[in-house]
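[1] Prediction below, plus the sequence it came from.
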Amino acid sequence: EVQLVESGGGLVQPGGSLRLSCAASGFTFNAHHMSWVRQPPGKGLEWVATIWPDGSIKYYVDSVRGRFALSRDNAENSVHLQMDSLRVEDTAMYFCVRLRDATTIFDYWGQGTLVTVSS
Amino acid sequence: DIQLTQSPSFLSASVGDRVSITCRASQGISNYLAWYQQQPGKAPKLLIYTASTLQSGVPSRFSGSGSGTEFTLTISSLQPEDFATYYCQHRHSYPITFGQGTRLEIK
């Protein structure tokens, strides 16, 4: 059974940092692209970033590029999102998501970890 | 960036009704479109990909159609568990974007 378990969320002040982690199991982790998708409270979904299976290529939404950094550890079956210079508008539930094969179809989602940026 | 516009944003219907949700893309995306269902407080769930392919385990009352710039998600006979929010998503190119969502509520 595919499982994605996020951790690392919490309350942080504007300008602060957080590191989100996602532990994956139940599939061949190093064969899949992985992404983070976020959802502000009461609002819709926003794709944040995607990393290739070997970590060689990463894409980011414009609003986080230069502030967020996505990485993965294929030996530990985990993916991480380092979030720096956090803004109030980064407040959201952050979902770790597996991509189907070599596509941009989000086929398995974690339950999410909540990030709140507030003074 | 490709923009996706869903209509309606809110839909009220009864159990047993047939409903359709439309997703329009700002430029042609072939059939690179997926649909997701999100129950309150839960993670989204993949329903349909490549515009019309049903994800494994999804009931056959869900169907998708369309190509280019206009797509439709249809639920043939609403069940109580179908009342949720639905999102379309294009996978044509980066950045990936979602529609704003359609909230389906019980009449």
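    Here it is on my side, so go on.
[2] Up against chain B, what does chain A have?
    Remark: the part of chain A in contact with chain B comprises A:37, A:44-47, A:50, A:59, A:61-62, A:95, A:100, A:103-107, A:109-112, using Cβ under 8 Å from any Cβ of the partner chain. In this view, the C-beta of every residue, glycine as well, is placed from N, C-alpha and C.
[3] Just the buried residues out of those residues, in ChimeraX syntax.
    In ChimeraX, a selection of the buried entries from these looks like this (16 or more other Cβ atoms under 10 Å in any protein chain shown):
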select /A:37,45,46,47,50,59,61,95,100,104,105,106,107,109,110,112
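[4] What parts of chain B come near chain A?
    Counting by Cβ under 8 Å from any Cβ, chain B sits next to chain A at B:32, B:34, B:36, B:38, B:42-46, B:49-50, B:55, B:87, B:89, B:91, B:94-101.
[5] Mark which of the residues you listed are buried, thanks.
    Buried among the residues of chain B next to chain A (16+ other Cβ under 10 Å): B:32, B:34, B:36, B:38, B:43-46, B:49, B:55, B:87, B:89, B:91, B:95-101.
[6] Find me the pLDDT at the residue nearest to residue B:27 when sequence neighbours are not counted, would you?
    Once flanking residues are discounted, residue B:27 sits nearest to residue B:2: 5.8 Å by Cβ to Cβ, 6 or more residues apart in numbering or on different chains. You'll see residue B:2 listed with a pLDDT of 92.
[7] What strand or helix carries residue B:2?
    Counting by DSSP states H and E, no helix or strand carries residue B:2.
[8] give me every residue that touches the nearest residue to residue B:38 once chain neighbours are set aside.
    Counting by Cβ to Cβ, 6+ apart, residue B:44 is the residue found nearest to residue B:38 once chain neighbours are left out, at 4.4 Å. By Cβ atoms under 8 Å, 6 or more residues apart in numbering or on different chains, the residues touching residue B:44 are A:37, A:45, A:95, A:106, A:109, B:36-38, B:87.
[9] ranges for the strands of chain B?
    Here chain B has its strands, by DSSP state E, at B:4-7, B:10-13, B:19-25, B:33-38, B:45-49, B:53-54, B:62-67, B:70-75, B:85-90, B:97-98, B:102-106.
[10] Quick check: residue A:69 touching residue A:79?
    No - if you go by Cβ atoms under 8 Å, residue A:69 and residue A:79 don't touch, sitting 11.5 Å apart.
[11] More neighbours: these two, which one.
    In this view residue A:69 and residue A:79 are compared by other Cβ atoms under 10 Å in any protein chain shown, and residue A:79 has more residues nearby, 28 against 16.
[12] For residue A:24, which of the strands of chain B is the nearest?
    Closest to residue A:24 of these is strand B:45-49 (Cβ to Cβ; 16.8 Å).
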